[in-house]
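**Q** just coords:
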Ligand SMILES: Cc1ncc(COP(=O)(O)O)c(C=O)c1O
């Protein structure tokens, strides 16, 4: 367990882990879900576990305000706003994004929680990173001039400190897996090795279920991967990239090296040790995808659980495709970690597509 960093515990954990009974029966599989979408504040989501660490660090530095960055519809920003509201801090989000034409979804929730959102329009030829940095500097200075002490959290809360939130979650999940008797279930139907199709496992020797996790800014995946490997947990990890990375394995390996150095973790891991794929990102971040919407409808209709179109819908769709492609054996026990993101279904570009498809459910009498 990485030492030296502490957190402020505001979450009621463990989050539930349960079997998806109707989907398991329908597909002839064993699939479970860990419900980090049910975490306590701001309608829930994975970023809250990271924020337990950031809040402690911010308060230790006597911050009166937290500023973070992301897209206009950042879930991480919305959850940062929620934590700030609970602890009486001011909050702000800076995004290089045009105004979307309406205050919906996360933007609506941000305003409700008194978070200020600063949008910067990128013009042709401008460098996004530079624009973002300039805007962050400007907004920070404006608030500091008004007497605030501003604490900065990077995109998605994905740095060394943020990753610890999911190191903890891995330990919590391992305990649940043991209690529920799911550990040691590494054998597929007819004694096949379910991992054989995919040799690059984060925890190569692990018996036990496969955990499926969405990979965005990577902090969630890296926290889990670090714990799976260093604590030798009875599980293996598969990451589903939801935005295009030039070389996703190299990127996660670099991030892991930073976390390893920060906390003196024992296990050395190279790109080949990470089971993470870009095969199901559909070429862009947060794009409307029919397959993903079909996966969302399937989950909603079979289990009454709502996935989002940007992150968890893509991950569950990847699971369905991997089953069809034989990359995950049917008899293999899989746990999908639901990371939240619900407000995404209310953003205009996803909503209009769903409205067309769901119109047949409206009956005017
Ligand atoms: C709902 C949801 N799921 C998954 C992720 C991915 O987490 P990470 O950025 O730590 O990879 C995010 C990130 O914003 C998210 O909002």
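**A** Received the coordinates, thanks. Small disclaimer: the values here were computed from a predicted structure and weren't measured. Numbers count the residues shown, from 1 in each chain.
**Q** in the stretch 51-200 of the chain, what spans have low per-residue confidence?
**A** Applying pLDDT under 70 to the stretch 51-200 of the chain flags residues 185-200.
**Q** That one: strands as residue ranges?
**A** For the stretch 51-200 of the chain, the strands defined by DSSP state E, counting those that start in this stretch occupy 65-69, 90-96, 116-120, 150-153.
**Q** Save those strands as TSV, and put in mean neighbour count too.
**A** The C-beta positions use only the backbone N, C-alpha and C, and glycine is treated the same way. As requested, the strands of the stretch 51-200 of the chain are arranged in TSV below (neighbours: other C-beta atoms under 10 Å):
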stretch	mean neighbour count
strand 65-69	25
strand 90-96	24
strand 116-120	18
strand 150-153	21
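**Q** Relative to the ligand, which of the ones you listed is closest?
**A** With C-beta to the nearest ligand atom as the criterion, the ligand lies closest to strand 65-69 of the strands of the stretch 51-200 of the chain, at 11.0 Å.
**Q** and that closest one, which strands flank it?
**A** Strand 65-69 pairs in its sheet with strand 90-96 (parallel), strand 150-153 (parallel), by DSSP bridges.
**Q** now the angle between strand 116-120 and it, please.
**A** Orientation note: strand 65-69 sits at an angle of 30 degrees relative to strand 116-120 (axes from the mean of the first three to the mean of the last three C-alpha atoms, to 10 degrees).
**Q** which residues are contacting strand 65-69?
**A** With contact meaning C-beta atoms under 8 Å, 6 or more residues apart in numbering, strand 65-69 is reached by 54, 58, 74, 76-77, 80, 83-84, 89-95, 132, 136, 139-140, 143, 148-155, 157.
**Q** re earlier: can you redo the strands of the stretch 51-200 of the chain as JSON lines with distance to the ligand?
**A** What follows is those, written out as JSON lines (distance: least, C-beta to the nearest ligand atom, whole Å):
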{"stretch": "strand 65-69", "distance to the ligand": "11"}
{"stretch": "strand 90-96", "distance to the ligand": "12"}
{"stretch": "strand 116-120", "distance to the ligand": "16"}
{"stretch": "strand 150-153", "distance to the ligand": "12"}
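**Q** how about CSV for the strands paired with strand 65-69, with distance to residue 352 added?
**A** Supplementary listing: those in CSV, determined by distance: least, C-beta to C-beta, whole Å:
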stretch, distance to residue 352
strand 90-96, 21
strand 150-153, 32
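**Q** right, so of those strands, which gets closest to residue 329?
**A** Checking the strands paired with strand 65-69 against residue 329 by C-beta to C-beta gives strand 150-153 as the closest, at 39.3 Å.
**Q** Which residues does the closest one contact?
**A** Under C-beta under 8 Å, 6+ apart, the answer for strand 150-153 is 51, 54, 57-58, 61, 63-68, 76, 80, 136, 140, 143-144, 162.
**Q** gap between residue 96 and residue 142?
**A** Residue 96 is 18 Å from residue 142, where distance means C-beta to C-beta, to the nearest Å.
**Q** right, I mislabeled it, should have said residue 78
**A** In this view, residue 78 and residue 142 are 22 Å apart by C-beta to C-beta.
**Q** Neighbour count: the two, which is higher?
**A** residue 78 (30 against 14; other C-beta atoms under 10 Å).
**Q** and that one, what does it touch?
**A** When contacts are counted by C-beta under 8 Å, 6+ apart, residue 78 touches 42, 43, 45, 106, 109, 110, 113, 115, 343.
**Q** Repeat that for residue 217.
**A** By C-beta under 8 Å, 6+ apart, residue 217 lies in contact with 76, 155, 156, 157, 158.
**Q** Touching, residue 335 and residue 33? I think so.
**A** Yes: here residue 335 lies in contact with residue 33, judged by C-beta atoms under 8 Å, at a distance of 7.0 Å.
**Q** quick one, helices of the stretch 251-365 of the chain?
**A** 290-303, 312-324, 348-358 (DSSP state H, counting those that start in this stretch).
**Q** For the longest one, list every residue counted as buried.
**A** Spelled out, it's helix 290-303. By 16 or more other C-beta atoms under 10 Å, the buried positions in helix 290-303 come out as 292, 293, 295, 296, 298, 299, 302, 303.
**Q** Then stretch 247-263?
**A** Those buried within stretch 247-263 under the rule 16+ other C-beta under 10 Å are 248, 249, 251, 252, 253, 255, 256, 259, 260, 262, 263.
**Q** what's next to it, contact-wise?
**A** 2-5, 158-160, 163-164, 200, 215, 218-219, 221-223, 225-226, 239, 241, 245, 265, 267-274, 276-278.
**Q** follow-up on the earlier one: return the member of the contacts of residue 217 nearest to residue 358.
**A** The closest of those to residue 358 turns out to be residue 76 (C-beta to C-beta; 28.1 Å).
**Q** Spell out which parts of this protein neighbour the ligand.
**A** Residues of the chain lying near the ligand by C-beta under 6 Å from any ligand atom: 45-46, 75-76, 156, 158, 214-221, 308, 311-312, 339-341.
**Q** In strands, which of those residues fall?
**A** Applying DSSP state E to the residues of the chain next to the ligand, the entries found in strands are 214, 215.
**Q** Turn the helices of the stretch 251-365 of the chain into CSV, including mean pLDDT.
**A** Output for the helices of the stretch 251-365 of the chain, formatted as CSV (pLDDT from 0 to 100):
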stretch, mean pLDDT
helix 290-303, 98
helix 312-324, 98
helix 348-358, 97
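**Q** and residue 209, which of those helices is closest to it?
**A** Between those, helix 312-324 lies closest to residue 209; by C-beta to C-beta that is 12.7 Å.
**Q** and that closest one, which residues are buried?
**A** Buried, per 16+ other C-beta under 10 Å, within helix 312-324: 312, 313, 314, 315, 316, 317, 318, 319, 320, 322, 323.
**Q** Nice, that's everything, thank you.
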